[in-house]
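*Asks:* 3D, please:
(2 chains)
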Amino acid sequence: MTDFVPLFALGELFPRGIIPYLLGGVLVGLGAAVIYLATGIIAGASTFLESTLSYVSDVPRFNRLTYVQSRDWRLVFTAGIVSGAAAYAVLFQGDLWTTEVQWWRLLGGGFLVGVGTRLGKGCTSGHGVCGIGSLSNTSVVNVATFLAFAIGTAQLVQALGVTP
Amino acid sequence: MSTELARRDPAERASDDRSGSDTADNRSPLVVPVIYIGGLLFGFGLAISGMARPEVVLDFLQFEDFGLLFVMGGAAVVTGITFTVATRFLHRAPLTATGYTRRLKSFDRNVVIGGTIFGIGWGISGICPGAAYASVGIGNYPILWAVAGMFLGAYAQGYWRTRRSLGTESTPETASS
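*Replies:* So this is what the prediction gives:
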């Protein structure tokens, strides 16, 4: 009987189990590790936004040497992410999957993500995966900040009755 | 306030350039294929984990499913072991001859301000940059709204920060307005 309670609680916390999450996380880490071991490059996903803008904009910030030198491989990295997810979809998903989240949330939230990740020097992959993996204090502070505000905001969105 | 920011900017830039060896250009013809393969694993992992679906991320943020902890945790453990082993025991990356470094970005208040803005955006939309690219891959075409938003946001902050630092250089005494 006593064993039942924690099992039930775990089921509540992880209604989809933990295997897909853990497997996915390990693969994300391996993707970053392969690139790092072969090239020394610490990959992040959000710098792509600015480095790609350097192709079309002459705003000096986007044309910093570090962005112009890395913009080609960042494009390749992003193409890899899209293709890897597409391979998953072909193998295990069958049909297209589309979100129910409203377009205005995607656009407005995306805008803030674009501002915030670049101002804060990284996102879930740069700070969250590589920065935490590097035990960087800057990244720990950034991740704690964005997690706290994301949780607060998502709970507020839910409380306002906006779904999903 | 602006003057301070402009003064710090070059130093920040220099330290960020040093911290990541991400300026390494294609020194070996294998660099691009390896980055593509790494991206494939990365995107495949994001798709399996469910992070490519904003609903899964929102379930996590709304405390309905804590599985996402294992995505970031699992990934950080793998990169953590890799960074530790490489920086301690390996010499140089074979394809670029770059030395192995950890990802250590300089700290300033933008790290907190940016994290706050990113967090609010993530909480509204349930999507972050890497997951957005993966979401395109699973056929989630409405996510292009989010990708467009991210580019607009990245452009807006770059434009604004450039204007701000140019403005402080020419008229430093009125810049704090």
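
*Asks:* List the contacts of the residue positioned nearest the centre of chain B.
*Replies:* Taking C-alpha atoms, centre = their mean, the centroid of chain B lies closest to residue B:129, which sits 7.6 Å from it. Counting by C-beta atoms under 8 Å, 6 or more residues apart in numbering or on different chains, residue B:129 touches A:45-46, A:48-49, A:113, A:117, A:123-125, B:150. C-betas here are computed from N, CA, C, even on glycine.

*Asks:* where do the helices sit along the chain?
*Replies:* All of this refers to chain A. In chain A, the segments counted as helices under DSSP state H are A:4-13, A:19-39, A:47-53, A:65-88, A:103-119, A:132-133, A:137-159.

*Asks:* Please refer instead to chain B.
*Replies:* B:2-19, B:31-49, B:54-61, B:68-89, B:109-125, B:129-137, B:144-170.

*Asks:* Quickly compare the ones you listed and say which is most buried.
*Replies:* With neighbours defined as mean count of other C-beta atoms under 10 Å in any protein chain shown, these peak in mean count at helix B:129-137, which reaches a mean of 30.

*Asks:* Only the C-alpha atoms, please, for it, written as PDB.
*Replies:* These are the backbone C-alpha positions of helix B:129-137, laid out as PDB (Å, rounded to 0.1, in the frame of the first residue of the first chain):
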ATOM      1  CA  PRO B 129      14.400  28.900 -31.100                       C
ATOM      2  CA  GLY B 130      15.800  25.400 -31.500                       C
ATOM      3  CA  ALA B 131      12.400  23.800 -30.900                       C
ATOM      4  CA  ALA B 132      10.900  26.200 -33.400                       C
ATOM      5  CA  TYR B 133      13.200  24.900 -36.200                       C
ATOM      6  CA  ALA B 134      12.400  21.300 -35.200                       C
ATOM      7  CA  SER B 135       8.700  22.200 -35.200                       C
ATOM      8  CA  VAL B 136       9.000  23.200 -38.900                       C
ATOM      9  CA  GLY B 137      10.500  19.800 -39.500                       C
END
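
*Asks:* Centre of the chain to it, how far?
*Replies:* Taking the mean of its C-alpha atoms, helix B:129-137 sits 13 Å from the chain's own mean (C-alpha atoms, centre = their mean, to the nearest Å).

*Asks:* tilt between that helix and helix A:19-39?
*Replies:* Relative orientation of helix B:129-137 versus helix A:19-39 (axes from the mean of the first three to the mean of the last three C-alpha atoms, to 10 degrees): 110 degrees.

*Asks:* relative orientation of helix B:129-137 and helix A:65-88 in degrees?
*Replies:* 40 degrees.

*Asks:* the inter-axis angle of helix B:129-137 versus helix A:103-119?
*Replies:* Going by the same axes, to 10 degrees, helix B:129-137 makes 140 degrees with helix A:103-119.

*Asks:* Save the helices of chain B as CSV, and put in mean pLDDT too.
*Replies:* Below are the helices of chain B laid out as CSV (pLDDT from 0 to 100):
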stretch, mean pLDDT
helix B:2-19, 42
helix B:31-49, 98
helix B:54-61, 98
helix B:68-89, 96
helix B:109-125, 98
helix B:129-137, 98
helix B:144-170, 90
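
*Asks:* Export those helices to TSV and append columns for distance to residue A:17.
*Replies:* Below are the helices of chain B laid out as TSV (distance: least, C-beta to C-beta, whole Å):
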stretch	distance to residue A:17
helix B:2-19	37
helix B:31-49	12
helix B:54-61	13
helix B:68-89	10
helix B:109-125	24
helix B:129-137	20
helix B:144-170	27
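
*Asks:* Quick one: closest of those helices to residue A:36.
*Replies:* helix B:68-89 (6.0 Å; C-beta to C-beta).

*Asks:* who's in contact with the closest residue to residue B:48 other than its chain neighbours?
*Replies:* Spatial nearest neighbour of residue B:48, chain neighbours left out: residue A:24 (4.0 Å); criterion: C-beta to C-beta, 6 or more residues apart in numbering or on different chains. With contact set as C-beta under 8 Å, 6+ apart, residue A:24 has these partners: B:45-51, B:71, B:74.

*Asks:* farthest-separated two in those?
*Replies:* B:47 and B:74 (14.7 Å).

*Asks:* returning to what we had before: deepest-packed of the helices of chain A, please.
*Replies:* Mean neighbour counts for those (mean count of other C-beta under 10 Å) peak at helix A:103-119, with a mean of 26.

*Asks:* Return the list of helices and strands in contact with it.
*Replies:* helix A:47-53, helix B:109-125, helix B:129-137, helix B:144-170 (3 or more C-beta pairs under 8 Å, 6 or more residues apart in numbering or on different chains; DSSP states H and E).

*Asks:* List just the one of the ones you listed that sits closest to residue A:106.
*Replies:* For residue A:106, the closest of the helices and strands packed on helix A:103-119 is helix B:144-170, at 3.9 Å, according to C-beta to C-beta.

*Asks:* Identify the residues contacting residue 79.
*Replies:* You didn't say which chain, so I picked chain A. Taking C-beta under 8 Å, 6+ apart, one finds B:36, B:39 in contact with residue A:79.

*Asks:* Let me rephrase: I mean chain B.
*Replies:* A:29, A:32-33, A:36, A:129-130, A:132-134.

*Asks:* mind running it again at 7 Å?
*Replies:* A:29, A:32-33, A:129-130, A:133 (C-beta atoms under 7 Å, 6 or more residues apart in numbering or on different chains).

*Asks:* Pull stretch A:55-70 out as PDB, backbone CA atoms only.
*Replies:* The C-alpha atoms that make up stretch A:55-70 are tabulated as PDB, following Å, rounded to 0.1, in the frame of the first residue of the first chain:
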ATOM      1  CA  TYR A  55      22.700  38.300 -45.200                       C
ATOM      2  CA  VAL A  56      20.000  40.900 -45.700                       C
ATOM      3  CA  SER A  57      20.600  43.800 -43.300                       C
ATOM      4  CA  ASP A  58      23.500  46.200 -43.000                       C
ATOM      5  CA  VAL A  59      22.800  47.000 -39.300                       C
ATOM      6  CA  PRO A  60      26.300  46.900 -37.800                       C
ATOM      7  CA  ARG A  61      25.300  44.600 -35.000                       C
ATOM      8  CA  PHE A  62      24.400  41.700 -37.300                       C
ATOM      9  CA  ASN A  63      27.600  42.200 -39.400                       C
ATOM     10  CA  ARG A  64      30.000  41.700 -36.600                       C
ATOM     11  CA  LEU A  65      32.900  39.500 -37.700                       C
ATOM     12  CA  THR A  66      31.800  36.600 -35.400                       C
ATOM     13  CA  TYR A  67      28.300  36.500 -37.100                       C
ATOM     14  CA  VAL A  68      29.500  36.900 -40.600                       C
ATOM     15  CA  GLN A  69      32.100  34.100 -40.200                       C
ATOM     16  CA  SER A  70      29.700  31.800 -38.600                       C
END
